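after the sequence you'll find the predicted model.
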Amino acid sequence: MSSAQNAHKSFLQAPGTGLASWIFSTDHKRIGILYLCSVLSFFLVGVSLGLAIRLELFAPGETIVSAQTYNSLFTLHGVIMIFLFIIPGIPAIFGNILLPLQLGAADVAFPRLNLLSWWLYMSGAALAIASLFGGSGPPDTGWTFYVPFSAVTTTNVSLAAMAAFILGFSSILTGLNFLTTTHRLRAPGMSWSKIPLFVWSLYATAWVQVLATPILGITLILVLLERLLGLGLFDPAKGGDPILFQHLFWIYSHPAVYIMILPGMGVISEIIPVFTRKHIFGYKAIVVSSLAIAFAGSLVWGHHMFASGMSDTAVFVFSLLTFIVAIPSAIKVFNWVATMYKGSVSLAPPMLFALSFVFLFSVGGLTGLVLGAAGPDIHVHDTHFVVGHFHYTMFGGTGFALFAALHYWLPKIFGRIYNFKIATLAWGILFTGFNILYTSMMILGMRGMPRRYYDYLPEFTFGNQVATAGSWLLGAGVLLMFANLLHGCLRGARVGNNPWAAGTLEWTTSSPPPVENFLEQPLVERGPYELGGVQIS
Amino acid sequence: MHKDYTGAKMGMWLFLFSELLLFGGLFILYAVSLNRHGAAFAAAGQELDWMLGTLNTLVLLTSSLTAALAVSAIQQGKAQMALRCLWATIGFALGFLVVKYVEWGTKIHHGLYPGGAELAGREAGQMSFFNLYYVTTGLHGLHVIIGGLVLGWVIIKVRQGKVHGGDFVLLENSVLYWHLVDLIWIFIFPLYYLVL
């Protein structure tokens, strides 16, 4: 079959349907679907680990697992959720599939590099899974790999650190690819002020990926060398300093928080105008705030270390900078709300998830300020309050944005749609369970329950039981949502090119898109949010 | 198929930024450690052989020249000339590694390495210095090896006629990588061999 004939076929059918035609494909849409399957599988593994943690905490003392197993559970929950789910989540799945479509390009700038990224991702994932078995047990350091414990524990920390290093490499290559694609492959007429906001958010994210990830790489190499060769850059007896590890680790890992959240904000900026039938309020403000978050977010890492020992000046500066990052985040929230003002709001499933994002992210952001202020931070540092806070931003933020993206874009990708009633029901269960679970955690933390502890005082029992019950609701909601989406993608009713009457370029091509994305080179003459006259088709 | 030269070079530059930050982490550690253990660093720095360091600097600078000449040659369609320049670059890379081997070898022979008896007896600041020295020059040496292998791969491509006067972005990008290897050494050399 010639490639010219293939060009008109859906990318799901051409160039073939065998396994090799998928795992060696350089088509950005197929690579996106590879990520979709792998990332969501790891998400379900992470959810199961999380449910096990909650089950263990249902009652004080040993409930279902030993203390050592509990340490491994929260370590792997963290490693899998951070490195295999949240960081690659939206950019690798929807960035891959949509970046070229929204720009009106045929593919990303470096298609083969893109495939390599997925293979690196899978290799890193395989190593992370391998660290569960053999040796002297799964890693037990927490996802942060803090020295000195990570340098001396006999568990498989070396494998897990190596896995994170390789996943970081994959992330750098994806970022590099997206930056070049955005600069070089925009359709004729797509000036920088006509780029969809999702692309802008990927662009800002990609810079952080390229510039911050190498710091994590070198830090993990140093931990490995300390374990394998007895190098001592983090060991005071050898002239090193464990605090330096914390600095280097957070120089990457705090910007990584914005790698996680920025693409989610981009998704929300796409969905809200479409489901309110209004032009986005303050396009430029959203673009600038994305870049400002990426920039300022790289300067606030010290707020993770207020309790580790640093000078008062440093505490003051990091605290101030942390508050400054809250400004561009808040600008976005106000822009989304202003977009909805006097709009014709439709509560379709993507919009429900987007609205929950705005609410949950605001809660997460505001509780973040409690932690960013040095005074209160000392009291709630390393308590369940922190756990509740970052689940509101990471899961309530990025997680819900990913769910919104699934409900918004899967009909485009598969040409079929899910059941709205079940989607709404799943959302209701998920949202309720989420708030019960993490609000309880925040209250427990305020009352003094530490994080990562296996056991707790009897007075925390009730709060923990409420949280665990919430986790069951949450788990049920996730399962129902995925079942509905899976059924929708495979057996759902067919949809046309533009089921939501949206204005960005991906909706002008067929659903699912053809191999070459667009049969004719698109010409951009209107902005992405000029919805006047756009019809469902 | 149409090739986007600007795009390919942009991608390479972004990759080089990430490499710079990889070393950046080590330079931060150097700065902090120097600040803490100034006297010990000065004492330990005296033990590095600045003559060998200077020699290696000259070797690498010359290799960057031959690498740049390879690009000029291929632009003018002189494939044989480009090949000769690339071979010379690889030769200098090997020379650099030999000198490095001598440097490391002497120290390791005296037990002056992480985990070695001699270093274990030194004060903490000196241990910190040599730990950093080995990691930084080791990581740099690894980049020299990778750069040499990449240039070797480009030689094969030039011989196959896949890289030529009309399509040489692969050569240009590989040479950019080589310049980065050189550039990082330009920072390592004074910090470890000269200023202490």
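Great, that's in hand.

contacts, neighbours, all on C-alpha from now
Will do.

can you tell me the element the nearest residue to A:Phe245 once chain neighbours are set aside falls in?
In space, and not counting its chain neighbours, A:Phe245 is closest to A:Phe234: 6.3 Å by CA to CA, 6 or more residues apart in numbering or on different chains. A:Phe234 belongs to no helix or strand when assigned by DSSP states H and E.

what about A:Phe234, how many residues close to it?
Using other CA atoms under 10 Å in any protein chain shown, A:Phe234 has 23 other residues around it.

so it sits against A:Gly240, correct?
Yes - the pair A:Phe234 / A:Gly240 is scored as a contact, 4.4 Å apart, by CA atoms under 8 Å.

for the chain, longest helix please?
No chain in the question, so chain A it is. Across chain A, the longest stretch assigned as helix under DSSP state H is helix A:242-276.

meant chain B, my bad for not saying
Taking DSSP H as the criterion, chain B has its longest helix at helix B:124-159.

can you get me a residue count around the closest residue to chain A within chain B?
Proximity of chain B to chain A (CA to the nearest CA) peaks at B:Ala124, 4.1 Å away. B:Ala124 has 19 neighbours, counted by other CA under 10 Å.

what sits against the closest residue to it other than its chain neighbours?
Of all residues not flanking B:Ala124 in the chain, A:Gly239 sits nearest, at 4.1 Å (CA to CA, 6+ apart). Listed by CA atoms under 8 Å, 6 or more residues apart in numbering or on different chains, the contact set of A:Gly239 reads A:Gly232, A:Leu233, B:Glu123, B:Ala124, B:Gly125, B:Gln126, B:Met127, B:Ser128.

hmm, try it at 7 Å
Shown here is A:Gly239, whose contacts under the criterion CA atoms under 7 Å, 6 or more residues apart in numbering or on different chains are A:Leu233, B:Ala124, B:Gly125, B:Met127, B:Ser128.

the last one is in contact with A:Lys238, isn't it?
Yes - distance between B:Ser128 and A:Lys238: 6.2 Å, which falls inside the contact criterion (CA atoms under 7 Å).

which of those two has more neighbours?
Shown here are B:Ser128 and A:Lys238; by other CA under 10 Å, B:Ser128 has more neighbours (32 against 23).

out of the contacts of A:Gly239, which is nearest to B:Leu61?
B:Ser128 (28.7 Å; CA to CA).

which ones are touching that closest one?
Taking CA under 7 Å, 6+ apart as the test, what B:Ser128 contacts is A:Leu233, A:Lys238, A:Gly239, A:Gly240.

A:Leu531 now?
Applying CA under 7 Å, 6+ apart, the residues near A:Leu531 are A:Arg277, A:Lys278, A:His279, A:Ala502, A:Gly503.

in the chain, where is pLDDT below threshold?
By default, I'm working from chain A. Flagging of chain A using pLDDT under 70 yields the residue ranges A:1-7.

let me rephrase: I mean chain B.
Within chain B, the stretches with pLDDT under 70 are B:1-2.

contacting residues for the spatially most central residue of it?
Compute the mean C-alpha point of chain B, and by CA atoms, centre = their mean the closest residue is B:Val181, 3.5 Å away. Going by CA under 7 Å, 6+ apart, B:Val181 touches B:His143, B:Val144.
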